[in-house]
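Colleague: Below are the sequence and a predicted model for it; my questions follow.
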Amino acid sequence: MQINDSQVLILCALADGPKHGYAVNEDVERLIGFRLGPGSLYGALNRLAAKRLVEALPGQGRQQPFRLTAGGRRALEAELRLLERVAATGLERLARPAPGAPSVDAATGAPSADAGTGTPLVDARAGEPAADVRTGEPPRE
């Protein structure tokens, strides 16, 4: 990845038009549920401007609007396509059990088989625990 997370968030916020820092941060909050700290926000904006991915526009008072450059659009699209591939691969891998991971009962979310042996932790005939779900040890009488 060529740009960091806060920079991607800022580029996303600017993708639909120019915004000043406060408006960028409001957009980031809508996107991910929290705001960037002032140092992260303005530091990232300055780094993006140095890379010519955003440019400052004439401001009104203390509000300095920024807009995405053509290079910023290309960089954002490339980064989002990469993240899309990473997310798809990660979600696909999470959907299948990892080798050695315990099987999980869909109804309860509790382990249903020993991770090492694959031995069921519940006796299917009696519906009784075949082993303690935390330790894999036989239940104590």
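Modeller: Done, it's in. Numbering: from 1, shown residues only.
Colleague: how near is the closest residue to Glu29 other than its chain neighbours to Leu68?
Modeller: Leaving aside its sequence neighbours, Glu29 sits nearest to Arg35 (C-beta to C-beta, 6 or more residues apart in numbering; 4.8 Å). C-beta: built from backbone N, CA, C; applies to glycine. Relative to Leu68, Arg35 is positioned 20 Å away (C-beta to C-beta, to the nearest Å).
Colleague: these two touch, right, the residue nearest to Glu29 and Asn25?
Modeller: Yes - judged on C-beta atoms under 8 Å, Arg35 makes contact with Asn25 at a distance of 4.8 Å.
Colleague: hmm, back to that, what about Arg35 and Leu68, which has more around it?
Modeller: For Arg35 versus Leu68, the count of surrounding residues by other C-beta atoms under 10 Å is larger for Leu68: 24 against 15.
Colleague: The more buried one bridge partners, please.
Modeller: Beta-bridge pairing of Leu68 under DSSP bridges involves Val54.
Colleague: quick one, what contacts it?
Modeller: By C-beta atoms under 8 Å, 6 or more residues apart in numbering, the contact set of Leu68 is 11, 14-15, 53-54, 76.
Colleague: Report the buried members of those residues.
Modeller: By neighbour count, with 16 or more other C-beta atoms under 10 Å, the contacts of Leu68 hold 11, 14, 53-54, 76 as buried.
Colleague: and those, which two are the farthest apart?
Modeller: Farthest-apart pair in the buried ones among the contacts of Leu68 is Val54 and Leu76; separation 10.1 Å (C-beta to C-beta).
Colleague: which residues do those two both contact?
Modeller: With C-beta under 8 Å, 6+ apart, Val54 and Leu76 have common neighbours 11, 68.
Colleague: gap between Gly21 and Ala50?
Modeller: For Gly21 relative to Ala50 (C-beta to C-beta), the value is 16 Å.
Colleague: So which of the two has more stuff around it?
Modeller: Per other C-beta under 10 Å, whichever of Gly21 and Ala50 has more neighbours is Gly21, with 19 against 9.
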